[in-house]
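Asks: With the sequence up front, the predicted model follows.
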Amino acid sequence: MTGNAIDVHAAASAPEQVIAEPPAIRLGRGPGAWRTTLLMARVTFLEAARRKILWIAGLAGVAFLAFFWTALHFVLKHERAQAAPVSVREGLVMMTMMVLYAGSMMTSLMAVLTSCETVSGEIASGTIHAIATKPVERWCLVLGKWIGFVAMLTLYVSLIEGGTIGLSWLVGGYLPHHALAVLSLVWLQAIVLLGVTMAASTCFSSLTSGAVSLGLYGLAFVGGWIEQFGSFQHMKALVDLGILSSLIMPSDALWRRAAFKFQPPILGSVGVSPFSSTLVPSNAMVVYAALYALVALLLAQFLFSRRDL
Amino acid sequence: MATLTIDAYQLRKTYGARTAVRDLTLQVARGEAFGFLGPNGAGKSTSIKMLLGLVKPTGGSALLLGKPVGTREVRARIGFLPEHFRFYDWLSASELILFHGRLSGLTEDVLRHKIPQLLERVGLGAQHNKPIRSFSKGMMQRVGLAQAIVNDPEILFLDEPTSGLDPAGRKLVREVIAEQRSRGATVFLNSHLLGEVEQSCDRVAFIRDGRIVRMCEMGGWQSNETEVAIKVARMNSTAMERLQEFTQDLRLEGQVLRLRATQEEHLPEVIRCLVENGVDVFSVIPQRVTLEDLFLQMMGPDPGL
């Protein structure tokens, strides 16, 4: 052996006869961007179904609604016997708001917990190696996963929040003018968190990705309270701090916009609570949140395309 | 020189201050089975990942099938069985191959015919509908092999393809490698099971500390001299003296006489000499330097962890 000398040569035995190119199936450059995206979306949604995430979440959602329906039944029975019709409606709206709020938190948690492992987990386990070596663009893999999760979250929001509004209407007779807007805002809240979690998941471990998203969600939550308190006390610095938190993570701003859309103005104008509308985020904030979700997705695609696997 | 399918020149990968691969320079010809060997942490996996486009090199260049590594056009023509063969375990074997086949650009029509054949080939025909999570390690490796060859690759990268397999499974992998080579594909094999490499490959490269330290044809390291181990009884000094005529390199270890003959033709005379001098000969076993011997010789003593 000659130390570290590099002995570079092709095999003497193999190349003596000219070996023809293998009759490989001509695949061109792979399945194309759209087909890859759809394949990944389908497999992501299928994973949620096969691993029973979808069914367990669905069952929990049905239990959640059944509980709400039962409570609603007793509240209405009690209040109709004692209170005036206006007070009954206020009680109904308030209770529905609380359930919607719980539903929006569940949806946000669902968005974070289901997606925090999707990229980082596959990198850590090596599952991604056999996939990323196929003739596919990496950004399509991320987009496909995102679409799969969006489909799942859309079903979840429809069940939890749509079901809540539906029960409120069917049992209590209250249907807000902007029910669809409320659903869309809660849905966008989940999509914002999904994008952030997926972007974090391309750089960090699953646990860290979840912690990043939930940390930002908590920041927005506290920021929302600070902003409302500042508005209530006429303290501009607190309001500005709240707006800054909404710019960092617009999830709470979306919820407050949804709360404003759901309830009659008289109910939202009192006190400081997750449902009060003393300072309602503008439509510009909703547009900002939508752009934020888009940028988070693009960032996830960019980071995943550039990183070593 | 035959057409090159892998042509890497001074590929290098550093992670901060740590250098994983210092200099990967190698060429592999079409139809060749190439073994890639080295101890743990030598840079094998990083080297393979650079060739597959999973890891971006810090320096150097590499072509696969005449095109830069990592392009979609190249990836459409290669197959890969990763070392940590983890797949979506909630899919069935058929669904997994379908998924990977579709990602490779094959149509469902083609795959509908191909998947049963592939699963049959890797011995999983009867398990095609079972979820992968119910599979043993060996079965996972078999299904991994099937996904690696679903697109009839021109280069097949196998990273530790036999680590979880029983003897029948290892034989299957050898057969698949031979089949792929017979259709003109190149096989790039990374394995710690040196016996497998020895049986399957034409050529091997040894990598140590991120650098290729030797590349040679299989068996090319064997000496021209013939070393034999002869099991004897009633060995005596006369016989030992007479054997000096054939070789100076001989020693008696218990009942085994080890000697190195400069020419193979001397061996019958050696045996005759022993018998004529009253020595009983029970067996004559030629000694050859195995790939494992060479590996240990090249890599030195185990530095420990």
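Replies: Here it is on my side, so go on.

Asks: In contact with residue 176, which residues?
Replies: Because you didn't say which chain, this covers chain A. A:165, A:182, A:261-263 (Cβ atoms under 8 Å, 6 or more residues apart in numbering or on different chains). Glycine gets a C-beta too; all of them are placed from N, C-alpha and C.

Asks: think we crossed wires, I meant chain B
Replies: Here residue B:176 is in contact with B:121-122, B:145, B:149 (criterion: Cβ under 8 Å, 6+ apart).

Asks: 7 Å instead?
Replies: B:145, B:149 (Cβ atoms under 7 Å, 6 or more residues apart in numbering or on different chains).

Asks: for it, helix, strand, or coil?
Replies: Per DSSP: H, G, I helix; E, B strand; the rest coil, the local secondary structure of residue B:176 is helix.

Asks: Pull up the gap between the spatially closest residue to residue B:244 that is not a sequence neighbour and residue B:226, please.
Replies: Of all residues not flanking residue B:244 in the chain, residue B:250 sits nearest, at 7.7 Å (Cβ to Cβ, 6 or more residues apart in numbering or on different chains). For residue B:250, the distance to residue B:226 equals 12 Å [Cβ to Cβ, to the nearest Å].

Asks: about what we covered before: of the contacts of residue A:176, which belong to helices?
Replies: Among these, the ones falling in helices (DSSP state H) are A:165, A:182, A:261-262.

Asks: who wins for most neighbours among those?
Replies: When neighbours are counted by other Cβ atoms under 10 Å in any protein chain shown, residue A:262 leads these with 30 neighbours.

Asks: Would you point out which residue is most central in the chain?
Replies: Reading this off chain A. Compute the mean C-alpha point of chain A, and by Cα atoms, centre = their mean the closest residue is residue A:190, 2.9 Å away.

Asks: Not quite, go with chain B.
Replies: residue B:197 (2.6 Å).

Asks: sorry, back to before: am I right that the residue nearest to the centre of chain A is in contact with residue A:112?
Replies: No. Residue A:190 lies out of contact with residue A:112 (Cβ atoms under 7 Å); the separation is 9.0 Å.

Asks: For burial, what's the neighbour tally of whatever residue of the stretch 151-300 of chain B ends up closest to chain A?
Replies: Closest to chain A within the stretch 151-300 of chain B is residue B:184: 3.6 Å, counting by Cβ to the nearest Cβ. Applying other Cβ under 10 Å, we find 17 residues neighbouring residue B:184.

Asks: try residue A:229
Replies: Residue A:229: 16 surrounding residues under other Cβ under 10 Å.

Asks: and what of residue B:19?
Replies: Neighbour count of residue B:19, defined by other Cβ under 10 Å: 17.

Asks: That one: what secondary structure?
Replies: strand.

Asks: which residues sit in contact with it?
Replies: residue B:210.

Asks: Tell me what it is bridged to.
Replies: Counting by DSSP bridges, residue B:19 forms beta bridges with residue B:14.

Asks: what about the residue nearest to residue A:239 when sequence neighbours are not counted, how many neighbours?
Replies: Nearest in space to residue A:239, with sequence neighbours left out and distances taken as Cβ to Cβ, 6+ apart, is residue A:230 at 4.0 Å. Neighbour count of residue A:230, defined by other Cβ under 10 Å: 21.

Asks: Quick check, residue A:230 in contact with residue A:243.
Replies: No. Judged on Cβ under 7 Å, residue A:230 makes no contact with residue A:243 at a distance of 9.4 Å.

Asks: Return the residues of the stretch 201-305 of chain B in contact with chain A.
Replies: Counting by Cβ under 7 Å from any Cβ of the partner chain, the residues of the stretch 201-305 of chain B lying close to chain A are B:202-203, B:211-217, B:298.

Asks: could you redo the last one with a cut-off of 8 Å?
Replies: Residues of the stretch 201-305 of chain B found near chain A (Cβ under 8 Å from any Cβ of the partner chain) are B:202-203, B:211-217, B:297-298.

Asks: And the lowest mean pLDDT element among the helices and strands of the chain?
Replies: Since no chain was named, I'll use chain A. Lowest mean confidence among the helices and strands of chain A (mean pLDDT, DSSP states H and E): helix A:265-268, at a mean of 61.

Asks: List the contacts of residue A:69.
Replies: Contacts for residue A:69 were tallied using Cβ under 8 Å, 6+ apart; they are A:167, A:171.

Asks: Quickly find the element holding it.
Replies: Residue A:69 belongs to helix A:53-82 when assigned by DSSP states H and E.

Asks: rewinding a little: neighbours of the residue lying closest to the residue nearest to the centre of chain B once chain neighbours are set aside, how many?
Replies: Distances taken as Cβ to Cβ, 6+ apart place residue B:35 nearest to residue B:197, at 3.9 Å, with adjacent residues excluded. Residue B:35: 23 surrounding residues under other Cβ under 10 Å.

Asks: Three-state assignment for residue B:83, please.
Replies: coil.

Asks: The residue of the stretch 151-300 of chain B closest to chain A and residue B:32 touch, don't they?
Replies: No. With contact defined as Cβ atoms under 8 Å, residue B:184 does not count as touching residue B:32 (10.5 Å).

Asks: picking that back up, surely the residue nearest to residue B:244 touches residue B:260?
Replies: Yes. Under the criterion of Cβ under 8 Å, residue B:250 makes contact with residue B:260 at 7.5 Å.

Asks: tell me the helices in chain B, going along the chain?
Replies: Using DSSP H, helices in chain B cover B:44-52, B:72-75, B:93-103, B:108-121, B:137-148, B:167-182, B:194-200, B:237-243, B:266-276, B:291-299.

Asks: Could you pull up the residues touching residue B:292?
Replies: Going by Cβ under 8 Å, 6+ apart, residue B:292 touches B:194-195.

Asks: Tell me the secondary structure at the closest residue to residue A:42 other than its chain neighbours.
Replies: In space, residue A:42 comes closest to residue A:148 once its chain neighbours are excluded; the distance is 7.1 Å by Cβ to Cβ, 6+ apart. Secondary structure assignment for residue A:148 (three-state DSSP): helix.

Asks: who are the neighbours in contact with residue A:160?
Replies: The contact partners of residue A:160, taken as Cβ under 8 Å, 6+ apart, are A:61, A:64-65, A:103, A:106-107.

Asks: ugh, wrong one, I meant residue B:263
Replies: Residue B:263 sits next to residue B:226 when contact means Cβ under 8 Å, 6+ apart.

Asks: tell me the pLDDT at it?
Replies: Note on residue B:263: pLDDT of 75.

Asks: Quick check on it: phi, psi?
Replies: Torsion angles at residue B:263 (phi, psi; degrees, to the nearest 10) stand at phi -130, psi 140.

Asks: how about low-confidence regions in the chain?
Replies: This is for chain A. A:1-29, A:80, A:83-86, A:265-278 (pLDDT under 70).

Asks: meant chain B actually
Replies: B:1-2, B:223-224, B:301-305.

Asks: switch to 80 and redo it
Replies: B:1-2, B:85, B:164, B:219-226, B:248, B:261-265, B:288-289, B:300-305 (pLDDT under 80).

Asks: which residue sits farthest out from the middle of it?
Replies: Largest centroid distance in chain B under Cα atoms, centre = their mean is residue B:238 at 46.2 Å.

Asks: picking up where we left off before, can you check which residues contact both of residue B:250 and residue B:226?
Replies: Applying Cβ under 8 Å, 6+ apart, one finds that residue B:250 and residue B:226 are jointly contacted by residue B:260.
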